[in-house]
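> would you be able to build a 3D model of this:
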Amino acid sequence: MYDFLIRNCAVLNEHMEVDFHQDIAIQGKTIAAVGPTPLPGAAAEVVDGRGKLFLPGLVDGHIHTCQQLLRGRILDQLPMIWTRIMLPFESGLTAEAVEVEAELACLELIKSGTTAFADAGGRFMDRVAGVVERAGLRAALTCSTVDAGDAPPTMKHSTQACIEQNDDLFGRFHGAGEGRISVFYSLRSFLSCTEDLTLRVCERARARGTGIHAHVSEYPNEVNASLERHRLRPVEYLDHLGVLGPNFLAAHSILLNDDEIDLLAQRGVKVVHCPFSNCGKGVPYTPRLLQRGASVGLGTDGAAHGGLSLWNEMKIFRSVMNAHVGVPYANPVVMPARTILRMATAGGAAALGYEGRLGAVKAGYLADLISIDLEQPHILPTSDLPNTLLETVNAGDVADSMVQGRFLMRDRKVLTLDEQAVLARAQEVHRQLFPQG
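All right, here's what the predicted structure looks like:
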């Protein structure tokens with residue numbers, strides 16, 4: 001007997017096309033079967049799927065949950081935002097504030113259709129892990145490792161202390177939440193990590209069979225510093241050290257030349273772009289990355305950079321690609337809707353280490369699903385539903401969210417977090433952090 005049988009819904013299949021009048025059978029943590037209505041078999045609960053489109057849960061490949069309460073404080077600020085605003089904010093956070101931010105982030109992710117995310121790390125990540133366990137989401141967590149540069153003492157540590165901190169998080173939480181939580185090792189940025197730390201992080205991650213989460217080629221000064229110190233660009237330098245591989249998540253990856261693009265593709269690196277955040281720094285040449293066979297996902301970079309809606313990020317990304325890459329060559333389809341949808345689902349799943357197990361509504365895959373309420377005037381009627389997903393669907397259209405066969409939200413009601421309590425707690429901590437508003 002199945003646990004759930006979702007009857008007579010529409011399904012976005014692995015080819016990013018829509019199949020109508022489908023059933024989805026869920027058994028335990030996985031999708032047991034997908035097929036035309038009626039799918040044979042009984043279930044503990046039959047779910048009416050009429051008027052809904054089920055698709056893989058979105059995957060945010062790069063987020064900072066510890067910046068959730070910076071919402072509205074970054075837009076229209078002058079450089080350098082990282083040193084003037086973000087670094088002082090992160091360095092002064094308490095454990096309680098980090099936990100509140102994680103609750104607020106998980107609530108927003110659930111309500112916007114994101115079922116998995118990769119957190120770039122911060123302080124008190126044990127509190128974040130605890131929230132993720134309660135919320136029911138899937139996550140790849142890490143610490144913020146900084147052993148070089150000008151950083152506050154609460155964030156900068158010795159090389160050994162950085163490794164021990166990440167070891168502790170891995171030992172306590174890797175595989176927690178019934179396997180939903182994984183722990184990666186971290187390289188905060190090229191400018192804030194010594195070569196010794198870079199090599200030891202790589203060694204540790206490979207020995208433990210986990211990933212590395214790093215900011216890569218995000219700012220021009222990062223590229224310039226690498227050229228001055230090593231006569232190599234950042235990706236070339238990381239490859240020279242032997243760090244790059246299929247377990248390496250390269251967030252941003254904006255300022256790349258052709259040789260670096262080839263290296264990322266050849267080494268199987270998982271690239272993650274954050275369109276809203278990246279627009280102020282540069283435009284990645286994603287079509288070339290995809291042509292070379294690189295794996296590309298999408299991220300939001302956190303609430304400080306425009307919120308946690310991957311629906312917004314997809315729309316921004318399509319527009320930026322058209323304006324920057326398509327228009328000069330009169331190519332309006334330089335970044336098709338189905339390619340972008342694949343990046344937000346299967347591409348993100350690969351970045352978190354779930355390639356071939358997550359990111360498709362397919363038998364044998366993990367049951368991380370969301371549904372869209374189709375019966376709305378900005379969605380139906382449509383001649384091409386995948387195009388409409390990109391054009392007009394937004395976070396508020398997500399009706400249901402399921403992770404590993406467990407509903408986190410049903411018909412917009414979040415089941416795993418007390419929404420009003422989370423919002424009230426966040427407002428109080430926000431007032432404490434910013435008493436002047």
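
> show me this structure divided up by domain.
As assigned by automatic domain parsing, the chain contains the domains 2-56+365-414, 58-351.

> ok, the helix or strand containing residue 213: who's next to it in the sheet?
If you go by DSSP states H and E, residue 213 is part of strand 212-216. Strand pairing for strand 212-216, determined by DSSP bridges: strand 185-187 (parallel), strand 248-252 (parallel).

> regarding the protein, what is its longest helix?
helix 95-112 (DSSP state H).

> for the following helix or strand past it, what is the distance to the chain centroid?
Using DSSP H and E, the helix or strand that follows helix 95-112 in sequence is strand 114-119. Centroid separation for strand 114-119 versus its chain: 5 Å, with Cα atoms, centre = their mean, to the nearest Å.

> again with stretch 18-30
24 Å.

> ok so, going back, C-alpha coordinates for the longest helix of the chain, PDB please?
Below are the C-alpha coordinates for helix 95-112, written out as PDB (Å, rounded to 0.1, in the frame of the first residue of the first chain):
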ATOM      1  CA  ALA A  95      22.900  32.300  18.600                       C
ATOM      2  CA  GLU A  96      19.300  33.300  19.200                       C
ATOM      3  CA  ALA A  97      19.300  35.700  16.200                       C
ATOM      4  CA  VAL A  98      20.800  33.100  13.900                       C
ATOM      5  CA  GLU A  99      18.100  30.600  15.000                       C
ATOM      6  CA  VAL A 100      15.400  33.200  14.300                       C
ATOM      7  CA  GLU A 101      16.800  34.000  10.900                       C
ATOM      8  CA  ALA A 102      16.900  30.300  10.000                       C
ATOM      9  CA  GLU A 103      13.300  29.900  11.000                       C
ATOM     10  CA  LEU A 104      12.300  32.800   8.900                       C
ATOM     11  CA  ALA A 105      14.300  31.600   6.000                       C
ATOM     12  CA  CYS A 106      12.800  28.100   6.200                       C
ATOM     13  CA  LEU A 107       9.300  29.500   6.400                       C
ATOM     14  CA  GLU A 108       9.900  31.600   3.300                       C
ATOM     15  CA  LEU A 109      11.500  28.700   1.400                       C
ATOM     16  CA  ILE A 110       8.600  26.400   2.100                       C
ATOM     17  CA  LYS A 111       6.000  29.000   1.100                       C
ATOM     18  CA  SER A 112       7.900  29.800  -2.200                       C
END
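
> quick one on the thing from earlier: wait, which of the strands paired with strand 212-216 is closest to residue 391?
Across the strands paired with strand 212-216, the minimum distance to residue 391, taken as Cβ to Cβ, is reached by strand 248-252, at 25.8 Å. (Glycine included, C-beta is placed from N, CA and C.)

> so where's the chain shaky on pLDDT?
Applying pLDDT under 70 to the chain picks out no residues at all.

> can you pull up the most central residue in it?
Nearest to the geometric centre of the chain sits residue 60, at 1.6 Å (Cα atoms, centre = their mean).

> where's that residue, which helix or strand?
Counting by DSSP H and E, residue 60 is part of strand 58-63.

> neighbouring strands - and their directions - for that strand?
Paired with strand 58-63 in the same sheet, following DSSP bridges, are strand 114-119 (parallel).

> tilt between the partner strand and helix 95-112?
140 degrees (axes from the mean of the first three to the mean of the last three Cα atoms, to 10 degrees).

> quick one on the thing from earlier: what comes up buried for the very next helix or strand once past the strand holding residue 213?
Heading C-terminal from strand 212-216, the first helix or strand you meet, by DSSP H and E, is helix 220-230. For helix 220-230, the neighbour count (16 or more other Cβ atoms under 10 Å) marks 222, 223, 226 as buried.

> kind regards, and thank you for your time.
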